[in-house]
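Asker: below is the structure, and that's it, no one-letter string:
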């Protein structure tokens, strides 16, 4: 079921048609929903709009130069096409954009478009080491809510010419401008990877171990802790017994072997150790990325919480004293996925985050009445909220782009 | 640069100078307000010394509350403000204005918090770039971006300029290594962006702020990511008979899936100047020299050095040498890091440029530079962050010879136009500032620039913060906001509909 009431869909096939559609919407004061594959459509406030602009026909990779580490694609290009082409050249988007479809029950939707990857600032388990979409974007072309076609950035890594609108528009969920074209830095894919599983640690012990691992020179690229309550829902129950703390190593084979031994020596006597080889390791991190344990086809509230890594387990411990909640940790504990047993409990969660030094919580899944009632995105302090409003006005004064989606 | 056109000073502000100084002294007591001409001389220029201007008054606040009150006061009274860190900008970003308060952040010089478990450091903006590394190196950590002015430049200035360095391809720029800032807006509002957690809860203001050249707000605290030093790092010197071969070697290294910690290139003139100055052991019989640094676990570095050596041989390398120990690695770098002052020794003056190009365009751009060098009759030495395509041509001239400064500037502008023509950009890491302001039109059209100015309007409607920098023309925000649209004016668009 679509989550919005939009009835008429514009499907522009080139940039000038995007411009025409926005200009028309402006002149009619007709708000529009901005759409790609709709794989993340249920995140954010539901919109009541009569029109939408579907960018999926604005598709095609317009520039790919592997030796220059750069790729440009029209905004509606399927991410799956890009991942395929990069894979054929042993390259990748190093920020590992997650796939929301299984969690949101949007299995029939496409993998998502490259424009939406930037518009929602996707990332994955390498976030600490390799960044998010915002860290890899080099340039954009976009149509603002004022009906202007603009560009920012370029195709080179080092560029400080003018304000960084490419980053400024990342994560704006289509509320400031519609991307028409995006340029990303691409990087060589690691030759191989392996994962060290340390079994049997509680959440606090795992936090210490992950901090030690990430702070070492073993170049751990991802660190997650999968408590006993979720452990069986990874790799079809294939992880060894007890909570699993997972440390991922990537690179050239001899280097991976050497570093994994280094970690094993470092944590001698702590839990029990298992090594996952390339294929299993890749599957595990994909499941960590895509929130596999909570992909239950249900609509119990799921929160995506970003806090300081050492605060993740404290947040969960504090919540558990008061409500039923299942949780696991990525980003060394800095990304906490929470599935609530019943109510969404936004105040409780956000107050606890604030008490632990700050961060933010986004309600990525919930039933319709809950989503209508709760602030989906983290509310901002007054001065920052006012600044956000002013920025919105400078890009979309008539509030025609995805009205209210981030409210 | 001979005399950049700056915004017309506000006469009514100049006339009220005594009153303004007195008011500022009540906000920042003690020695925090400097208004004597001889004392203000120290602040009249930054790293782009061809421009000089005394400010209206210099203010050195010590607390966030003082910064907030100074900015609010200036906003209320329509007074312009130029923020300044250590004053090392190479693009005139901190050039004072006659009618503006120069807000110097150097007294914000404390490291506030080091958190090894979360690998973050929270510092005040006046802490130097290298100061952060010094604060954490006892535990084997460092702060990755390393602009060549890192001994002197402040982290607040690094945020303003999105500073780079030689390790950007692997470790990112300032924008990839800053997790949060506290900043003060011109209206006095204190805003926190990010922190020890990742990503923004709303719009990515941190991304907008980084590289905004002091036009959006004044940073009062910075949270950065610190990294554990790699287990080992070794540098290679590889010499080539031509820049083309060196460029091809870089392309093949990256094509092989190797991302070195740093790859630098120097041309014949730069090699000779650096070698004469620091005796780094550079070969003098090559036309191009690469410094390739490989870092990581010992086993990996060995493996990669073997691969890079093969690639270099394949591309006709005339020599190659691997650093035997840490001291030799530092020596290899010493020549490169001293390249600017080294060139300063062989010419009375030099003008440092900062374009970025797609790497493959290097032969074309080098050939173009040779042509321009002949046309202007001025020599040019090249140092080049080869991994990320960031060029630093150093144009040699003598300011005492009539017309040479102007010629050097014209030569520089032509180089930057050439960079843009081949798909590159005007500035990779030094910023637009005053220097490249009037070239912005070569990269951006009116709509692009207008939207950037609208971002400025969201932060600073009266254009009080650092005016005259970045944008060739200041347009009033009220004007920029106007839209002329009436219902039914446009036909229903002829676009596929469903």
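Answerer: Good, I have the coordinates. What you see is a predicted model, and the numbers here were worked out from it, not measured in a lab.
Asker: contacts and neighbour counts: CA atoms only from here.
Answerer: Fine.
Asker: list the buried residues in the worst-scoring helix or strand of chain B on mean pLDDT.
Answerer: For chain B, using mean pLDDT, DSSP states H and E, the weakest element among its helices and strands is helix B:477-481, scoring a mean of 86. For helix B:477-481, burial by neighbour count (16 or more other CA atoms under 10 Å in any protein chain shown) applies to residue B:477.
Asker: equivalent analysis for stretch A:279-290, please.
Answerer: For stretch A:279-290, a neighbour-count test (16+ other CA under 10 Å) marks A:280, A:281, A:282, A:284, A:285, A:286, A:287, A:288, A:289, A:290 as buried.
Asker: which helix or strand contains the fourth one?
Answerer: Residue A:284 belongs to helix A:278-289 when elements are defined using DSSP states H and E.
Asker: against which helices or strands is that helix packed?
Answerer: Packed against helix A:278-289 by the contact rule (3 or more CA pairs under 8 Å, 6 or more residues apart in numbering or on different chains; DSSP states H and E) you find strand A:192-199.
Asker: any idea of the pLDDT on the residue in the stretch 151-300 of chain A that chain B sits nearest to?
Answerer: As assessed by CA to the nearest CA, chain B sits closest to residue A:159 within the stretch 151-300 of chain A, at 4.1 Å. Per-residue pLDDT puts residue A:159 at 95.
Asker: hmm, it is touching residue B:423, no?
Answerer: No: proximity of residue A:159 to residue B:423 does not meet the contact threshold set by CA atoms under 8 Å, at 11.8 Å.
Asker: and the closest residue to residue A:293 other than its chain neighbours, how far from residue A:245?
Answerer: Nearest non-adjacent residue to residue A:293, counting by CA to CA, 6 or more residues apart in numbering or on different chains: residue A:233, 5.2 Å away. Going from residue A:233 to residue A:245 by CA to CA, to the nearest Å gives 14 Å.
Asker: among those two, which residue is more densely surrounded?
Answerer: Neighbour count, other CA atoms under 10 Å in any protein chain shown: between residue A:233 and residue A:245, residue A:245 has more, with 30 against 17.
Asker: over to the more buried one. Which of the three states is it?
Answerer: strand (DSSP: H, G, I helix; E, B strand; the rest coil).
Asker: which residues does residue 10 contact?
Answerer: Picking chain A for this. A:21, A:51, A:52, A:53, A:54, B:495, B:496, B:497, B:498 (CA atoms under 8 Å, 6 or more residues apart in numbering or on different chains).
Asker: my bad, the chain I had in mind was chain B
Answerer: Counting by CA under 8 Å, 6+ apart, residue B:10 has contacts residue B:99.
Asker: quick revisit: which residues touch the helix holding residue A:284?
Answerer: Residues contacting helix A:278-289 (CA under 8 Å, 6+ apart): A:98-99, A:124-125, A:192-195, A:224, A:234-235, A:248, A:330.
Asker: let's test this: mean pLDDT of that helix, rounded?
Answerer: 98.
Asker: element containing residue B:82, please.
Answerer: strand B:80-84.
Asker: low-confidence regions, chain A specifically.
Answerer: The model of chain A has pLDDT under 70 over residues A:1-6.
Asker: counting neighbours, what do you get for the nearest residue to residue A:359 once chain neighbours are set aside?
Answerer: Spatial nearest neighbour of residue A:359, chain neighbours left out: residue A:307 (4.5 Å); criterion: CA to CA, 6+ apart. For residue A:307, the count of nearby residues is 28 (other CA under 10 Å).
Asker: residue A:307 touches residue B:194, doesn't it?
Answerer: No: in this structure, residue A:307 is not within contact of residue B:194 by CA under 8 Å, at 9.9 Å.
Asker: joint contacts of these two?
Answerer: What both residue A:307 and residue B:194 touch, as defined by CA under 8 Å, 6+ apart, is the set residue A:359.
Asker: quick one on the thing from earlier: quick one: the residue nearest to residue A:293 and residue A:292 touch, right?
Answerer: Yes: the criterion here is CA under 8 Å, and residue A:233 meets it with residue A:292 at 7.1 Å.
Asker: contacting residues around residue B:120?
Answerer: If you count contacts by CA under 8 Å, 6+ apart, then residue B:120 has B:114, B:196, B:223, B:224, B:225, B:226 around it.
Asker: ok, what's across the strand from it?
Answerer: residue B:115, residue B:225 (DSSP bridges).
Asker: show me the strands in the stretch 251-400 of chain B, by range?
Answerer: In the stretch 251-400 of chain B, the segments counted as strands under DSSP state E, counting those that start in this stretch are B:262-267, B:288-296, B:319-322, B:349-352, B:380-385, B:390-397.
Asker: nearest to chain A, of the ones you listed?
Answerer: Closest to chain A of these is strand B:390-397 (CA to the nearest CA; 6.6 Å).
Asker: from the rest of the structure, what touches stretch B:367-374?
Answerer: In contact with stretch B:367-374 (CA under 8 Å, 6+ apart) are residues B:379, B:380, B:411, B:414, B:415, B:418.
Asker: please pick the buried ones from those.
Answerer: Here, 16+ other CA under 10 Å leaves B:379, B:380, B:411, B:415, B:418 buried among the contacts of stretch B:367-374.
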